[in-house]
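Participant: Fold the following, please.
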Amino acid sequence: MAFAIAAAVIAFLVSYLLTPGTASLARRWGILDHPDTGGGRKQHGAATPYLGGIAIAVGFIAGGTLMAGATGGLPETYVLGFAIALSLAVVGVADDIRPLPRTVKLVAQLAAALGAYGLGFRVSAFPWEALNVIVTIVWILGITNAFNLLDNMDGLTAGLAAIGAIAFAVMGVIAGPDAIAISGAALAGASLGFLSHNRHPAKVFMGDAGSLLLGFSLALLGVRLEFDNLTEVTFLVPVVVLGLPILDTTLVVGTRLAARRSPFTGARDHVSHRLVRMGLPVRTAVGLLYWVAVCLGWLGLVITRSNTQVAWMLLGFVIAVGLFFLTFLVKIPADDSESKPIAAVQEPVDVEEAAR
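Facilitator: You can find the predicted model right below:
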């Protein structure tokens, strides 16, 4: 516990102190996210710098490396896995500087997912290895892009990533392995350090560099969780903990396909946008989503202390509640042409923007 807390504190301080510097560099180099004119989907008030994801990455490395060294080092599997995550963040930086073709980003993500699988970051829930491979790749790509999509409102992605990472860190402290506790704590600290500058109204955006790193790293931590009492259904835990990004991705992809629009075309139709369209202030909408994420993280922790039957029942409860809110959210108008502009929200880069 003490080492995990220390990792979080170090990562927080490094990320917090470094973020203004990365923002200054972005301004100097002209790496800015400009608001749209005429009621477009980027409604933040002024041009805002990217590159906050670099501060998150450095904070994550600093916190994790120092505490891993103090405890004897991280297993090589984790070191190489997070090295892949950092390489994906480099791709994100390149896209923040100059938009990359969609195929380049998708190929990079697929290569990263396959590399992680080869290192042992894999789902082992099924007796057929081919199915385990498919589920693992879908999980890693899905969560990576879910956080990429989720980066659409001030403070949202960093806050939800921090909550998910804290949940995984606590599980690592309770059930092991220690690498989960330290890595999760460092990721949470780095996210919170950046969040201090990214709360509404945001002074800096993380860009793809941050969202890809956070999503990919959380996906890896999720598949490495181990619980002796839930050997057959351990994979349920990360699904519950990261249920909100999964819900958001399901909503936007499903509604776009139903409307015969490309799911890769950006729009203000995410859960956060719909809450603001209901009349909630930006900070209230984001805070509400934080609370939902905290509840899911707590429920995931409860599942880890339960038996298999209870775990399945709790997952069924989460799915039922999620479907209820999906049916509610889809009824909220999401067509920009039918709605007033949403003040001070931003969707700088997401998986749809990989198409740019």
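Participant: all contacts plus neighbour counts: C-alpha atoms, from now on.
Facilitator: Will do.
Participant: The lowest-mean-pLDDT helix or strand in the chain pairs with which strands, and in what direction?
Facilitator: The weakest-scoring helix or strand in the chain, judged by mean pLDDT, DSSP states H and E, is strand 32-33 (a mean of 85). With DSSP bridges as the test, strand 32-33 is paired with strand 48-49 (antiparallel).
Participant: in the longest helix belonging to the chain, what's buried?
Facilitator: If you go by DSSP state H, the chain has its longest helix at helix 2-29. The neighbour-count check on helix 2-29 (16 or more other Cα atoms under 10 Å) flags 3-16, 18-20, 22-24, 26-27 as buried.
Participant: all helices for this structure, in order.
Facilitator: 2-29, 52-70, 76-97, 102-119, 129-150, 156-175, 178-198, 207-223, 236-241, 243-258, 271-277, 282-304, 308-329.
Participant: what's the neighbour count on His200?
Facilitator: 18 (other Cα atoms under 10 Å).
Participant: wait, it sits on Gly155?
Facilitator: Yes: judged on Cα atoms under 8 Å, His200 makes contact with Gly155 at a distance of 6.5 Å.
Participant: From the contact counts, what lies against the longest helix of the chain?
Facilitator: On a contact count with 3 or more Cα pairs under 8 Å, 6 or more residues apart in numbering; DSSP states H and E, helix 2-29 meets strand 48-49, helix 52-70, helix 178-198.
Participant: can you pull the contacts of Ser217?
Facilitator: By Cα atoms under 8 Å, 6 or more residues apart in numbering, Ser217 lies in contact with 82, 85.
Participant: So it versus Arg277, what's the distance?
Facilitator: When distance is defined by Cα to Cα, to the nearest Å, Ser217 is 31 Å away from Arg277.
Participant: ok, Thr77 - contacts?
Facilitator: 119-120.
Participant: Against Pro238, how distant is it?
Facilitator: Using Cα to Cα, Thr77 is found at 19 Å from Pro238.
Participant: in the stretch 101-250 of the chain, what spans have low per-residue confidence?
Facilitator: Low-confidence regions of the stretch 101-250 of the chain, defined by pLDDT under 70, span residues 229-232.
Participant: ok, and what's touching stretch 51-66?
Facilitator: Stretch 51-66 has contacts (Cα under 8 Å, 6+ apart) with 6-16, 18-19, 22-23, 26, 31, 73, 86, 89, 93, 96, 182-183, 186-187, 189-191, 193-194, 204-211, 213.
Participant: mind checking how far it is from the chain centre?
Facilitator: 15 Å (Cα atoms, centre = their mean, to the nearest Å).
Participant: my guess is Val133 meets Phe121, correct?
Facilitator: No: between Val133 and Phe121 there is no contact under Cα under 8 Å: 10.2 Å.
Participant: higher neighbour count, the two?
Facilitator: Between Val133 and Phe121, counted using other Cα under 10 Å, the more crowded position is Phe121 (24 against 18).
Participant: Got the phi and psi for that one?
Facilitator: phi -80, psi 90 (degrees, to the nearest 10).
Participant: List the residues that contact it.
Facilitator: 81, 136, 220, 223-224.
Participant: Out of these, who's the most crowded?
Facilitator: Busiest of the contacts of Phe121 [other Cα under 10 Å] is Leu220, holding 26 neighbours.
Participant: which non-adjacent residue is nearest it?
Facilitator: Phe121 (6.1 Å; Cα to Cα, 6 or more residues apart in numbering).
Participant: before we move on, back to that, what is the orientation angle of the longest helix of the chain with helix 156-175?
Facilitator: Angle between the axes of helix 2-29 and helix 156-175 is 160 degrees (criterion: axes from the mean of the first three to the mean of the last three Cα atoms, to 10 degrees).
Participant: can you give me the angle helix 2-29 makes with helix 76-97?
Facilitator: Going by the same axes, to 10 degrees, helix 2-29 makes 20 degrees with helix 76-97.
Participant: For helix 2-29, give the mean pLDDT please.
Facilitator: Taken as a whole, helix 2-29 carries a mean pLDDT of 94.
Participant: ok so, going back, taking the contacts of Phe121 together, which two end up most distant?
Facilitator: Maximum pairwise distance in those, criterion Cα to Cα, is 14.0 Å, between Gly81 and Thr136.
Participant: List the residues that contact Gly210.
Facilitator: Counting by Cα under 8 Å, 6+ apart, Gly210 touches 51-54, 56-57, 89, 92.
Participant: let's go with 7 Å and repeat that
Facilitator: Gly210 is in contact with 52-54, 56, 89, counting by Cα atoms under 7 Å, 6 or more residues apart in numbering.
Participant: next one: Ala185
Facilitator: The contact partners of Ala185, taken as Cα under 7 Å, 6+ apart, are 4-5, 7-8, 165-166, 169.
Participant: Adding distance to Val104 as columns, could you present the residues you listed in a markdown table?
Facilitator: A markdown table is the format used below for the contacts of Ala185 (distance: Cα to Cα, whole Å):
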| residue | distance to Val104 |
| --- | --- |
| Ala4 | 36 |
| Ile5 | 37 |
| Ala7 | 34 |
| Ala8 | 33 |
| Ala165 | 28 |
| Ile166 | 32 |
| Ala169 | 32 |
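Participant: thinking again about what came up before, neighbour-wise, give me the winner out of the contacts of Gly210.
Facilitator: Ile56 (35 neighbours).
Participant: I'd like the distance between that one and Val173.
Facilitator: According to Cα to Cα, Ile56 and Val173 sit 23 Å apart.
Participant: go on, Val239?
Facilitator: For Val239, the distance to Val173 - Cα to Cα - is 19 Å.
Participant: ok and the longest helix of the chain relative to helix 52-70, angle-wise?
Facilitator: Using the same axes, to 10 degrees: helix 2-29 against helix 52-70 is 150 degrees.
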